[in-house]
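Trainee: What shape does this take:
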Amino acid sequence: MAAPQQDVPEGKGPRQSSWTEPDLAAVDAQIDAFSALPNRQFAAALAAFIAADEADRDPVVAYAIRSPQLTKKARRLIPDLLAQPDKHLPPPAGESENARHRRLDQFRARAETEAQLFYYIWAGVVARRGHLLPEPSPRSRARRRLADEYPERFLTLVREEEEADRLAAAARRKERDAAQAAAAGQ
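Mentor: So this is what the prediction gives:
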């Protein structure tokens with residue numbers, strides 16, 4: 001039996017996205033323009049992009065900056081932006097010290113988010129070549145190396161931890177069932 005047909009209004013509904021992909025020719029032109037910039041000017045453009053609110057960002061610029069062609073350049077500049085944001089962001093006139101601290105904290109948080117995006121974009125580029133980037137955490141890299149060097153021991157430890165998790169979940173389930181039975185008995 002076929003599902004009944006429903007009338008759907010024309011145009012954008014409340015659950016439909018209004019987002020559209022920017023013109024690829026404009027994105028390519030912006031990538032070329034950013035690629036031609038020296039590092040100092042590109043860092044200023046990157047800082048302005050990061051400092052802007054999401055709603056105020058030009059989608060063409062966002063696509064260009066986050067493109068694989070510019071990701072490597074941006075990743076090299078992010079540590080300097082995080083360390084010295086005042087160098088790249090001109091302060092507004094008459095800004096108080098508290099407002100300055102809030103602005104710089106917000107900028108650093110956004111820059112760290114962009115750094116994560118750049119890492120994932122670059123990891124995708126590297127993955128297309130058949131390689132994987134190491135994890136950014138030293139602990140994760142050490143764990144990976146130990147697993148590679150001692151695979152039998154690593155698998156034994158993983159199985160022990162999985163069994164401990166399974167037993168803990170069973171104990172929690174048993175306690176919950178006992179509490180529910182006690183509550184039902186009262």
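Trainee: in the helix or strand hosting Ala123, what's buried?
Mentor: Secondary structure assigned from DSSP states H and E places Ala123 in helix 97-128. Within helix 97-128, the residues that count as buried by 16 or more other Cβ atoms under 10 Å are 103, 107, 110-111, 114-115, 118-119, 121-123. (Glycine included, C-beta is placed from N, CA and C.)
Trainee: Identify the residues contacting the helix or strand following it?
Mentor: As assigned by DSSP H and E, the chain's next helix or strand after helix 97-128 is helix 138-149. Contact with helix 138-149 is made by 134-135, 154, as judged by Cβ atoms under 8 Å, 6 or more residues apart in numbering.
Trainee: And helix 138-149, how far out from the chain middle?
Mentor: Put simply, helix 138-149 sits 23 Å off its chain's centre (Cα atoms, centre = their mean, to the nearest Å).
Trainee: For it, give the mean pLDDT please.
Mentor: If you average the pLDDT over helix 138-149, you get 84.
Trainee: Helices of the chain, start to end?
Mentor: 24-36, 39-51, 59-65, 68-83, 85-88, 97-128, 138-149, 151-185 (DSSP state H).
Trainee: Asn39 contacts Leu77, correct?
Mentor: Yes - counting by Cβ atoms under 8 Å, Asn39 does reach Leu77; the two are 6.6 Å apart.
Trainee: Pick out whichever of these two has more residues nearby.
Mentor: Leu77 (19 against 12; other Cβ atoms under 10 Å).
Trainee: Point out the least confident member of the contacts of helix 138-149, please.
Mentor: Glu135 (71).
Trainee: Now for Phe42, how many residues are close by?
Mentor: 20.
Trainee: dump the residue contacts of it.
Mentor: Phe42 touches 34, 73-74, 77, counting by Cβ under 8 Å, 6+ apart.
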